[in-house]
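S.K.: predicted model and sequence below, questions to follow.
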Amino acid sequence: MNPTNPVPRPSLASRARCQRIGWTLVAVAGLGGAAMLGRQWVTNATLRAEFAALGASQEDPAGARAENTRLRAGRISEAELASLRSDRAALERMRRELDDVRQQVNARESPGPGASPPAVPAARTQARSVHEMRNVGRTTPVATGETFVWALQHGEIEAAAALMVFPPAARARMEAIVAALPESVRAQYDTPEKLMAFVMAGSPGVAALRVLGEEARDERTVAQKIEVRDGHGGTRTDTILFEHDGTAWRRIIPLQTVDKLAEFLRDRPPAAGKTGP
């Protein structure tokens, strides 16, 4: 060292800054070392647990073998798994076939839009006065017949007209009769059904009715045998027909009845608005 050119000493500020940097490096090094020590401790703990488990199995080999046997016994073999899959597929096929059969049975038992339900012969009914008849709908031929008589007895022309139907030949004859009516009458009874209901509502002579039985003519037609009693105690039997229109029953008005109507009108022309004798 040259005494004539001495080395300059660092200032107090420089020494303080160097000390801070040094302590910072020490702290960083300390944190990094702590992190490394923490990871090492976790690794060592894991290894110790694995060694302990291995040691336990080595100390009790019989228990380890028993556990392995139990696990192998609980496993399903490939052959058994294939059998289970085959059984499941067969079960699914059986379910589909059963659903198809059920749908076919329902289709046969349920009537279509234009089909009639199977006709069940009606039980013999007691004779009833026509004044006791009520509006009981038209879900069966018996109910339709009673509702029809009720409508005629109460002058419900529209209701009675809705309960009847004409075969083609009878309708053609009725349309010719309607066309030949006076304009005033035709304006009020402008359909064959309304005209027939009007004339039948004004026809006297029926006091009581009794259903004697029913017979299916085809899938849509039922013949009903009735006993008619007049006001003088006399009786006669008659057969009337009912047709199912896909929704309910209606009374069929045959050509013979239309011919009787034509004879009646020749002798007694109808007057508009009159529904009784």
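M.R.: Structure received.
S.K.: from now on I want contacts and neighbour counts done on CA atoms only, so please keep to that.
M.R.: Will do.
S.K.: was I right about Ser129 contacting Arg210?
M.R.: No. Using C-alpha atoms under 8 Å, Ser129 is not in contact with Arg210; the gap is 9.1 Å.
S.K.: the two: which has the busier surroundings?
M.R.: Arg210 (17 against 13; other C-alpha atoms under 10 Å).
S.K.: who does the more buried one bridge with?
M.R.: Glu227 (DSSP bridges).
S.K.: isn't it up against Gln224?
M.R.: No. If you go by C-alpha under 8 Å, Arg210 and Gln224 don't touch, sitting 10.4 Å apart.
S.K.: show me where the stretch 51-200 of the chain has its helices.
M.R.: 61-74, 78-109, 141-153, 157-161, 168-179, 183-188, 192-201 (DSSP state H, counting those that start in this stretch).
S.K.: run through the bridge partners of Val206.
M.R.: Asp230.
S.K.: OK, contacts around it?
M.R.: Val130, Val228, Arg229, Asp230, Gly231 (C-alpha atoms under 8 Å, 6 or more residues apart in numbering).
S.K.: pLDDT of stretch 249-257, averaged?
M.R.: In this model, stretch 249-257 carries a mean pLDDT of 96.
S.K.: ignore what I typed, I meant stretch 198-215.
M.R.: On average, stretch 198-215 scores 87.
S.K.: ends of it, what's the gap?
M.R.: End-to-end distance of stretch 198-215 (C-alpha to C-alpha, to the nearest Å): 29 Å.
S.K.: that one: which residues count as buried?
M.R.: Across stretch 198-215, burial judged by 16 or more other C-alpha atoms under 10 Å covers 198-202, 206-214.
S.K.: now those as CSV including distance to Ala172?
M.R.: Shown next, in CSV, are those (distance: C-alpha to C-alpha, whole Å):
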residue, distance to Ala172
Phe198, 18
Val199, 18
Met200, 19
Ala201, 22
Gly202, 23
Val206, 28
Ala207, 31
Ala208, 32
Leu209, 30
Arg210, 32
Val211, 30
Leu212, 32
Gly213, 31
Glu214, 28
